[in-house]
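Enquirer: structure of the sequence below:
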Amino acid sequence: MRFPVRATIGVAVACLVIPAAFAEGKVSGAVKDPGGAPLAGVVVRLEPAGGQPGLVTKTNKKGQYLFALVRAGKYSLTAVEEGKRVSEIDVHQRSSDRQTKFRKAEPVAPGEPLPTLDIAGTDVVVYDVVLAEDTTGAGSFGTGVPLLGSGQIVELVQAGNLEQARTEIERALSTDPANASMLYLRAFVEMQDGKFDAALAATDALLAASPGFAGAHLLRGTLLEKKNDTDGALAEYRAEADAATEASVQRDAWIRIAVLAKAQGRSDETLAALSKIVELDPTNVVAYSQLVDHYTQAGDLAGLTALLATAPDEVRNDPMVHFNIGAALYNQGKADGAAQEFQAVIDLKPDLADAYKHLAFCKVTLGDFAGAIVAARRYLELAPQAPDEADMRKLIEGLEKRAAK
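Expert: Numbering: from 1, shown residues only. Model prediction:
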């Protein structure tokens, strides 16, 4: 008798992400008018590259603002008030050892982009801004009609306001044509709108402007998948996995590789991709479960044992994982080990009837007829209308006769 191997969690690879720890970076400053008077209630935004939601605050009565905890990354800062534009900036960025990393103090012409901040570790940035009355020029650097940041545009897309998002993206690009975040968002909006060729063209423009932009190859691969070019998509995902410097982006690329490889029946490539996922994201329960399935189906109990030694508790304590191991062991003629696994299933899930049935079979093989009778009776208690009820009662009768001898 061979036991069927049950499926565990999911058929597609998902991800559980640990929230990244914030670096202790700080950005602060003051917003004043050209005469040096503080401006209260000015909206100040710190927008990260990559389309992620940014930070927003308002100046206090003294015109001061503060972003106390800022993750490492690239940011743009804007100070916005209707009818005013940024006319002057004074930026001083220091490292944790107080060494100057960036210094810029100069007037800002109407429509001129503000500098990008590359914040790392515990950098401290003092960014003072002067807002002057103005009704000319473009965007928040000119008329006072604020350009939306990437995070705000993402919110528009999530709300389904694609046309408004598209308008804001093009308005931003008219001021800064090489803005990689906006080029990415342009491609993303076109994809969301089902315009895959336009999205591909936008992605190509993004890669031309910023070849190492995180997520660009992932986006291009997704677009090629939608056009049924799986080989091209795999090439893009591999390019992202090879070039990405952030573990989360690498992980996402390997997830896409695993899904495509599995769909195409490339078991070795699937195994390699899943292994990379759990290496980059040790809490990824679904990837671990997919690996458990792989080793179980392959009958590789040594590989499975090694995997479970590092797996999250949610996988290690999954009763179906132990059920599958028990089935594999029994099929290999290792009834003693199989019985231990089925007992582990029962300890974790005492109402799983099939575990008792298979434990009974293991006990029969081991000659423990009394133990087999107990397990078989418990199976029938939990599954009184099981299709094999009659067979199991005959088994119990036979075991009782043998035990009596």
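
Enquirer: going by C-alpha atoms from here, please, whenever you check contacts or count neighbours.
Expert: Noted.

Enquirer: got any ranges where the stretch 51-200 of the chain has weak pLDDT?
Expert: Within the stretch 51-200 of the chain, the stretches with pLDDT under 70 are 51-52, 111, 135-146, 175.

Enquirer: all helices of it, in order?
Expert: 150-158, 162-175, 180-192, 196-209 (DSSP state H, counting those that start in this stretch).

Enquirer: quick one: contacts of the second one?
Expert: Helix 162-175 has contacts (Cα atoms under 8 Å, 6 or more residues apart in numbering) with 111-113, 138-139, 147-148, 153-154, 156-157, 179, 182-183, 185-186, 189, 193.

Enquirer: any of these buried? List them.
Expert: The neighbour count (16 or more other Cα atoms under 10 Å) marks 111-113, 138-139, 147-148, 153-154, 156-157, 179, 182-183, 185-186, 189 as buried among these.

Enquirer: excluding its backbone neighbours, what's nearest Thr365?
Expert: Ala335 (6.7 Å; Cα to Cα, 6 or more residues apart in numbering).

Enquirer: give me the pLDDT value at the one you found.
Expert: For Ala335, the model assigns a pLDDT of 93.

Enquirer: my read: it touches Val364, true?
Expert: No: if you go by Cα atoms under 8 Å, Ala335 and Val364 don't touch, sitting 9.3 Å apart.

Enquirer: neighbour count winner among the two?
Expert: The residue with more neighbours, out of Ala335 and Val364, is Ala335; 22 against 18, by other Cα atoms under 10 Å.

Enquirer: buried sites along the helix or strand hosting Ser28?
Expert: Using DSSP states H and E, Ser28 sits in strand 25-32. Buried residues in strand 25-32, counting neighbours by 16+ other Cα under 10 Å, are found at Gly25, Lys26, Val27, Gly29, Ala30, Val31, Lys32.

Enquirer: what is the mean pLDDT for it?
Expert: Strand 25-32 comes out at a mean pLDDT of 94.

Enquirer: helices or strands next to whichever helix or strand comes after it in the packing?
Expert: Scanning forward in sequence from strand 25-32 by DSSP H and E, the next helix or strand is strand 43-48. Strand 43-48 is packed against strand 55-58, strand 73-80, helix 150-158, with contacts defined by 3 or more Cα pairs under 8 Å, 6 or more residues apart in numbering; DSSP states H and E.

Enquirer: mind saving the C-alpha coords of strand 43-48 as PDB?
Expert: Only the C-alpha atoms of strand 43-48 are listed here, as PDB (Å, rounded to 0.1, in the frame of the first residue of the first chain):
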ATOM      1  CA  VAL A  43       3.400  71.700   3.400                       C
ATOM      2  CA  VAL A  44       6.800  70.100   3.200                       C
ATOM      3  CA  ARG A  45       7.100  66.700   1.500                       C
ATOM      4  CA  LEU A  46      10.100  64.300   1.500                       C
ATOM      5  CA  GLU A  47       9.500  62.000  -1.500                       C
ATOM      6  CA  PRO A  48      11.600  58.800  -2.000                       C
END
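
Enquirer: please work out how many residues are found near Gly265.
Expert: Neighbours of Gly265 using other Cα under 10 Å come to 10.

Enquirer: chain center to stretch 355-375, what's the gap?
Expert: Distance, stretch centre to chain centre, for stretch 355-375: 44 Å (Cα atoms, centre = their mean, to the nearest Å).

Enquirer: so which bits of it are buried?
Expert: For stretch 355-375, using 16+ other Cα under 10 Å, the buried residues are 355-365, 369-375.
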